[in-house]
Structure formats: C-alpha cells, structure tokens
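Trainee: I would like the atomic coordinates for the input below:
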Amino acid sequence: MKKLIYSLLFGTSALLMASCMEVDNFDAPDCHFYGKIIDSTTGEGIVSDRGDCHIRIWEVSYKVNPGSQDLVVKEDGTFNNTKLFAGTYDMVPEGSWWPADTIRMGIGNKTSQNFEVTPYLKVFDFKTELVGTTLTMSCRLDAPKTEGLPQITEIRPFLSLNNFCGASNCIGYYNTNTFKINVMKTWDKIEKAEDGKSLTYTVEVPVKRGYIYFARMGARVKDKFEKYNYTEIVKIEVPNE
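Mentor: Predicted structure coming up:
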C-alpha cells in the first residue's frame, strides 16, 4: 500500500513539473508605436515634464472590457514604444490640457500617430534675474480657451541640478508651499494687463554659490489630473563669489 501511495505521489509531482515546464507559445510583443502630442497653439510638441502626461490605451481586440496601460511621453511631447501586441486599441492623451477625444486604431508592425491637444494655460514671458544668491523668477499666464476653464490653483518655481526640470524632476526644497504662489481664481477673476493676459507673477528663491541650476515655472488648474503647464527651461550659473 505504501509503495502504491508513493507511486501516485511521484506521478502527480511529475505531471505538475511537466506542466510547469511547457513552453509559452505566445509571441512576445514587438510592435512599434510612436508619435507626438502636439500643442494646438504652436504646432510644436507639448512642453511637459517626464511623468506629467501619458497616452492611455486599451487593447479592445483582446477582450470586451480590457484593462488600461499608459505609454510614457517625453519632455518634448514624443512617445516611442516598441513592446506592444498587434491589435486594435482605444487611446487618449491625458495631461494638462482640455480633455481629448478617444480614438480607435489598429497597431501593426510599425505605426505612427500624433495627437493634437489644447493646453489649459500658456505660461509665458518667463524671466530670471540673479542678484547675489537670490534668484528672481517671473512669468505671465494666458488661456487659449477661457469658457469652462477650471480654477487656476497655483504657480510654482522649479529648480533642478540637471536639464530635466519640472514637478517630478526638481530639488525638493523649492517644491514647497514656501515658494508657491497661491492663485485660487477662475480666469475671469484674474487681474489682467491691457492685452487680456495676466499680470506678472514673481517669486524669489535662494540659491547657492558655485552651483549650476536649471529653472522653469509652472501653473496648474483644478482638474482631474492637476498637472502643470510650463515655461521653457533656462540655465542659471551662480558665481562662486
């Protein structure tokens, strides 16, 4: 009887091991999908920071209610993914802009698609002035679309020690309420200049001698994502003396 039990246990174990060793016969994802998120106000790639926006996709050819995945978008608005399965996808760009339409398209061996979006805010007229170890940063705001624009919550300075600069790539010391400009107003309540755009917002931040900084400013609205619209990035060199 013991021999029979041992034989059955051995046979079961062998079957389990054999099933675990079966070769996966699914081909690895190898489709190439690339493109750019374009700012409708400039015709150029959207100005962003790494991690601030993405392309959300659902592979609808796989199942009726698929889960989503996000494709990384670079700072210049480009995206490039080489590990997707061939199939039909729903997709939408998500970030600091007016909600975009979801589109459905097929992705094959090599597929390109651009998305045009309208940012909530344009953060422009960015200026910096270094006096000793005090860096003054200023900017203005414009709204490509004003009707229905969510409340503008804040404007912040961002400083980094490399040329990647923004909410997810900055020196934490500056990304605090100490240097935040609280706005908390709808566009119609914003004080404006004669050109219909905002007055200048200014903030002063301390910097260290001998350091090289990369700086920009960003503003955001109270929407689902609460991501920033940005200025360009400028390089700030602080003399040793």
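
Trainee: Might you report the residue contacts of residue 197?
Mentor: Shown in contact with residue 197 (C-beta atoms under 8 Å, 6 or more residues apart in numbering): 124, 140, 141, 142. In this view, the C-beta of every residue, glycine as well, is placed from N, C-alpha and C.

Trainee: Residue 74 against residue 51, yeah?
Mentor: No - using C-beta atoms under 8 Å as the test, residue 74 is too far from residue 51 to be in contact (10.2 Å).

Trainee: The contacts of residue 197 in strands, which ones?
Mentor: Counting by DSSP state E, the part of the contacts of residue 197 found in strands is 124, 140, 141, 142.

Trainee: quick one: contacts for the residue nearest the centre of the chain?
Mentor: Closest to where the C-alpha atoms of the chain average out (C-alpha atoms, centre = their mean) is residue 52, at 1.9 Å. Going by C-beta under 8 Å, 6+ apart, residue 52 touches 73, 95, 96, 166, 167, 168, 227, 228.

Trainee: any idea how the chain splits into domains?
Mentor: 31-117, 122-237 (automatic domain parsing).

Trainee: any chance of the ones you listed in TSV, with mean pLDDT too?
Mentor: Converted to TSV, those look like this (pLDDT from 0 to 100):
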stretch	mean pLDDT
domain 31-117	94
domain 122-237	97
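
Trainee: just to revisit the earlier point, which one (most neighbours) among the contacts of residue 197?
Mentor: residue 141 (24 neighbours; other C-beta atoms under 10 Å).

Trainee: Run a quick neighbour tally on the residue nearest to it when sequence neighbours are not counted.
Mentor: Among residues not flanking residue 141 along the chain, residue 198 sits closest, at 4.0 Å (C-beta to C-beta, 6 or more residues apart in numbering). Using other C-beta under 10 Å, residue 198 has 25 other residues around it.

Trainee: if we can go back for a sec, ok, the contacts of residue 197 vs residue 101, which is closest?
Mentor: Comparing the contacts of residue 197 against residue 101 with C-beta to C-beta places residue 142 closest, at 24.0 Å.

Trainee: OK, contacts around the closest one?
Mentor: The contact partners of residue 142, by C-beta under 8 Å, 6+ apart, come to 121, 122, 124, 197, 198.

Trainee: wait, doesn't the second one sit right on residue 141?
Mentor: By that I understand residue 122. Yes - under the criterion of C-beta under 8 Å, residue 122 is in contact with residue 141, at a separation of 7.1 Å.

Trainee: For stretch 61-79, list every residue counted as buried.
Mentor: Of the residues in stretch 61-79, 71, 73, 75, 77, 79 count as buried by neighbour count, 16 or more other C-beta atoms under 10 Å.

Trainee: Widest-spaced pair of the residues you listed?
Mentor: Between any two of the buried residues of stretch 61-79, the greatest separation by C-beta to C-beta is 14.7 Å, found for 71 and 75.

Trainee: which parts of stretch 29-49 are buried?
Mentor: For stretch 29-49, the neighbour count (16+ other C-beta under 10 Å) marks 31, 33, 35, 36, 37, 38, 39, 45, 46, 47, 48, 49 as buried.

Trainee: Just send those residues back as TSV, with secondary structure and distance to residue 61 too.
Mentor: Rendered in TSV, the data for those read as follows (DSSP: H, G, I helix; E, B strand; the rest coil; distance: C-beta to C-beta, whole Å):
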residue	secondary structure	distance to residue 61
31	strand	12
33	strand	14
35	strand	20
36	strand	25
37	strand	24
38	strand	27
39	strand	31
45	strand	29
46	coil	28
47	coil	34
48	coil	30
49	coil	33
